[in-house]
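> coords please:
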Amino acid sequence: MPTPARVVVLPQQPGPLEVRDLLLPDPADYQVVVKQFASGVCHSQLHTMHRERSNAIILGHESTGVVLKAGAKVDHVQEGDTVLVTWVPRNAGSGMRQPAGVSLDLGGGVEARTNNVFTWCDHTLADEQYVVKVDPDIDKEVTAIIGCAVMTGAGAVENTAGVKKGESVAIFGVGGVGLSAVAAAKTLGAYPIIAVDLDETKLKFAKQFGATHTVNAANTNPISAIKELTTQQGRFSMNGNPVSGADYVFDCIGLKSTMEQIVPSVRTGFFGAEPGGTAVLVGVPMTSVELNAVDLLINEKKFIGSIGGSCSPDRDFPKYLDWHSKGILDLNTLVTERYTIDEINDATTALENGEIAGRALLTF
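The predicted structure is shown next:
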């Protein structure tokens with residue numbers, strides 16, 4: 001029997017988001033229907049909203065909920081289980097089958113589609129590989145952002161970069177993803193942890209999550225500031241200058257300007273003894289980028305990407321839930337705004353205008 005749902009739809013033609021009353025079909029063999037408690041409002045969805053599209057789209061990719069229905073071949077969750085929904089397959093390394101996206105009938109021969117999940121809705125239909133069973137006693141709202149913001153930021157620091165105790169870190173962009181990266185760097189014992197942003201309020205907020213230093217790039221050259229904070233006297237690069245720059249620099253924004261700033265902010269190599277540091281692209285880029293190849297070469301730097309924090313949700317989500325329960329990752333503070341589904345256009349406008357200090361939720 002179909003499940004009634006209120007679903008945010010991005011129409012094919014430019015215009016505001018629409019909240020539609022739809023019927024979700026019964027789950028296929030490998031699908032589940034989830035009644036949702038909350039969904040994160042992720043900045044990357046703005047990129048989807050601004051791109052041309054050939055069909056209507058259903059949005060959102062991180063949430064908490066409870067399983068209402070499970071397909072015949074779903075064996076890791078059952079009706080009544082509390083779950084986190086995410087856009088990364090929960091255990092891709094095990095050689096599991098390729099998960100599938102969803103299409104919803106909007107009527108009149110029109111469909112709305114997603115390649116993975118949709119969570120801007122009070123009920124969702126998802127491939128079981130995008131659903132992770134969790135303890136039913138978790139906070140059922142703020143933990144919704146583990147499915148993207150937390151795993152993307154914290155995972156980039158822990159999984160992609162492999163930051164170790166005492167290594168220096170700089171993080172460009174301290175919204176929900178960047179703050180999660182700051183918290184992970186603190187947990188791993190990094191020092192210094194340098195937060196870089198254009199907004200002084202966000203920089204002060206970052207100190208609550210573990211930033212030891214802040215750089216306001218609106219009035220300070222962030223490359224120079226990072227180098228000044230990380231200069232190592234007595235160690236020299238190939239050109240004879242003191243080694244400087246952070247061991248790891250993360251771009252949690254993905255703008256052309258920030259992508260081009262993170263490589264020169266990375267530590268130069270200690271000539272003949274030690275390679276340079278690593279720049280990690282975390283934010284979704286929408287432009288090309290120009291890098292100084294000579295800098296990469298002679299200072300033996302690395303420029304790498306991190307998608308979804310290189311996370312395996314089955315492995316990593318329990319850990320991040322534990323961090324939250326122990327106060328290591330304060331999701332109650334990280335979630336700064338809540339909206340109803342009917343306020344979705346207000347939420348995305350506030351996000352686009354930079355008015356959300358941490359992460360926003362849709363609550364159902």
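
> Can you list the low-confidence ranges for the stretch 101-250 of the chain?
For the stretch 101-250 of the chain, no stretch has pLDDT under 70.

> domain ranges for the chain?
For the chain, automatic domain parsing gives the domain ranges 3-140+330-363, 151-308.

> first to last residue in stretch 128-145, what's the distance?
End-to-end distance for stretch 128-145: 19 Å, by CA to CA, to the nearest Å.

> Kindly report the same for stretch 304-320.
Note: stretch 304-320 ends 24 Å apart using CA to CA.

> picking up where we left off before, please work out which of the domains of the chain is packed deepest.
Comparing those by mean neighbour count (mean count of other CB atoms under 10 Å), domain 151-308 ranks first with a mean of 21. Any C-beta I mention is one placed from the backbone N, CA and C, and that applies to glycine too.

> Off-centre distance for that domain?
Domain 151-308 sits 17 Å away from the centroid of its parent chain (CA atoms, centre = their mean, to the nearest Å).

> Then stretch 335-355?
On the basis of CA atoms, centre = their mean, stretch 335-355 sits 17 Å off its chain's mean C-alpha point.

> Can you name the residues in contact with that stretch?
6, 8, 16-17, 19, 41, 43, 45-46, 49, 120-122, 141-142, 145, 199, 356-364 (CB atoms under 8 Å, 6 or more residues apart in numbering).

> Find the nearest non-adjacent residue to Ser141, please.
Slight slip there: residue 141 is Glu, not Ser. Nearest residue to Glu141, sequence neighbours excluded (CB to CB, 6 or more residues apart in numbering): Ala38, at 4.2 Å.

> ignore the last one, Gly176
Gly176's closest residue in space is Arg359 (CB to CB, 6+ apart), at 3.4 Å.

> And for Asn332?
Closest to Asn332 by CB to CB, 6+ apart is Val142, at 5.5 Å.

> which residues touch that neighbour?
Neighbours of Val142 in contact, by CB under 8 Å, 6+ apart: 38, 324, 331-332, 334-335, 361.

> Sticking with the residue nearest to Glu290 when sequence neighbours are not counted, tell me its helix or strand.
Nearest residue to Glu290 in three dimensions, chain neighbours excluded: Glu260, at 6.3 Å (CB to CB, 6+ apart). Counting by DSSP states H and E, the element that carries Glu260 is helix 256-265.

> Trp323 now?
Under the criterion of DSSP H and E, Trp323 resides in helix 313-325.

> downstream neighbour of that helix in the secondary structure list?
Following helix 313-325 in sequence order, the next helix or strand is helix 331-334 (DSSP H and E).

> So which residues make contact with that following helix?
With CB under 8 Å, 6+ apart, helix 331-334 has contacts from 139, 142-143, 145-146, 149-150, 176, 179-180, 208-209, 324, 358-359.

> Among those residues, which lie within helices?
Assigned to helices by DSSP state H, the following of those qualify: 149-150, 176, 179-180, 208, 324.

> With distance to Val284 added, can I get these in a markdown table?
Conversion of those to a markdown table gives the following (distance: CB to CB, whole Å):
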| residue | distance to Val284 |
| --- | --- |
| Ala149 | 13 |
| Val150 | 17 |
| Gly176 | 14 |
| Leu179 | 17 |
| Ser180 | 15 |
| Gln208 | 26 |
| His324 | 25 |
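
> Just give me the closest of those to Pro2.
Nearest to Pro2, judged by CB to CB, of the ones in helices among the contacts of helix 331-334 is Ala149 at 31.5 Å.

> Look up the closest residue to that closest one, ignoring the ones flanking it.
Distances taken as CB to CB, 6+ apart place Gly176 nearest to Ala149, at 3.9 Å, with adjacent residues excluded.

> wait, what's in contact with the one you found?
40, 42-43, 145, 149, 153, 334, 358-359.

> Among these, give me the pair with the biggest separation.
Distance extremes for the contacts of Gly176: the farthest pair is His43 and Leu334 at 14.1 Å, using CB to CB.

> What pairs with the host helix or strand of Leu104, parallel or antiparallel?
Using DSSP H and E, Leu104 sits within strand 102-107. Strand 102-107 sits in its sheet next to strand 110-114 (antiparallel), going by DSSP bridges.

> Now, the contacts of stretch 335-355 that are in strands?
Per DSSP state E, strands hold the following members of these: 6, 8, 19, 41, 359-363.

> got TSV for the residues you listed, with pLDDT and distance to Ser265 too?
Shown next, in TSV, are the ones in strands among the contacts of stretch 335-355 (pLDDT from 0 to 100; distance: CB to CB, whole Å):
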residue	pLDDT	distance to Ser265
Arg6	98	44
Val8	97	37
Val19	97	42
Val41	96	29
Arg359	93	25
Ala360	95	29
Leu361	97	32
Leu362	97	35
Thr363	97	38
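
> Redo these as CSV? Include distance to Gly308.
Output for the ones in strands among the contacts of stretch 335-355, formatted as CSV (distance: CB to CB, whole Å):
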residue, distance to Gly308
Arg6, 27
Val8, 22
Val19, 28
Val41, 17
Arg359, 16
Ala360, 20
Leu361, 20
Leu362, 21
Thr363, 24
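
> Closest one of these to Ser288?
Of all the ones in strands among the contacts of stretch 335-355, Val41 has the smallest distance to Ser288: 27.6 Å, by CB to CB.

> So in terms of bridging, what pairs with the closest one?
For Val41, the beta-bridge partners are Ala360 (DSSP bridges).

> wait, what's in contact with it?
60, 120, 339, 347-348, 351, 356, 359-362.

> Out of those, which comes closest to Gly245?
Gly245 has its nearest neighbour among the contacts of Val41 in Arg359, at 29.3 Å by CB to CB.

> Assign a three-state SS to the spatially closest residue to Ala70 that is not a sequence neighbour, would you?
Counting by CB to CB, 6+ apart, Ala70 lies nearest to Val32, which is 5.0 Å off, once chain neighbours are set aside. Three-state assignment for Val32 (DSSP: H, G, I helix; E, B strand; the rest coil): strand.
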